[in-house]
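Colleague: pasting the structure only:
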């Protein structure tokens, strides 16, 4: 616990906007590497994959904030909103690369979304992230009320599930990484299930 307390002390000194700066810089850097042909023979696909993987990691990290505090004492609560908003913008970058540079036309975007199930669930996850990002501010909490805001932000759970399913269906062949993500998300969601209280006899 001494190590965790020390880490928490350092974390309290780090401003939350650091998450936005680091996330934004990473997105720009990846785009630069792709634009200068430093991502292999298929830079668009590589960039799309990089954005998608980081978006999933941030979604999982945001989901893990509360369990981490409960299980280990590590307190990332002050960063949870920044992690979630950054996850949305990284996923937005993932979608933008796919829509504008990979698919290219609105007609094909619609066709791919309807035709391919992995695109369908990925799009559903992205769409559900929009109200979460829009309401991730104190004004929305005041306008909606705490209870309604918390209920809305339970969309985080299906977002994570759909994102993992999207990744599982996207990869070709047996790959361990998406399975690991699926297991982690499953454990994190299971930790939120409230066990029924039985009356003592």
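Modeller: On my side now, so go ahead. Not measured: the values here are computed from a predicted model. Residues are numbered from 1 along each chain as shown.
Colleague: where does pLDDT dip in this structure?
Modeller: Within the chain, the stretches with pLDDT under 70 are 194-201.
Colleague: which parts of it are helices?
Modeller: Under the criterion DSSP state H, the chain contains helices at 2-13, 17-35, 43-72, 80-96, 106-115, 117-134, 138-144, 146-152, 156-170, 176-190.
Colleague: now tell me what touches the fifth one from outside.
Modeller: By CB atoms under 8 Å, 6 or more residues apart in numbering, the surrounding residues in contact with helix 106-115 are 99, 103, 119, 120, 123. Any C-beta I mention is one placed from the backbone N, CA and C, and that applies to glycine too.
Colleague: next, the buried residues of that helix.
Modeller: 109, 112, 113 (16 or more other CB atoms under 10 Å).
Colleague: now swap in the second one and tell me
Modeller: Residues 19, 23, 26, 27, 30, 31, 33, 34 are the ones in helix 17-35 that count as buried (16+ other CB under 10 Å).
Colleague: dump these to JSON lines, plus distance to residue 188.
Modeller: As requested, these are exported to JSON lines (distance: CB to CB, whole Å):
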{"residue": "19", "distance to residue 188": "19"}
{"residue": "23", "distance to residue 188": "21"}
{"residue": "26", "distance to residue 188": "23"}
{"residue": "27", "distance to residue 188": "25"}
{"residue": "30", "distance to residue 188": "26"}
{"residue": "31", "distance to residue 188": "30"}
{"residue": "33", "distance to residue 188": "31"}
{"residue": "34", "distance to residue 188": "31"}
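Colleague: and those residues, which is closest to residue 74?
Modeller: residue 19 (15.7 Å; CB to CB).
Colleague: how close does the closest one get to residue 134?
Modeller: Residue 19 sits 18 Å away from residue 134, going by CB to CB, to the nearest Å.
Colleague: perfect, that will be all.
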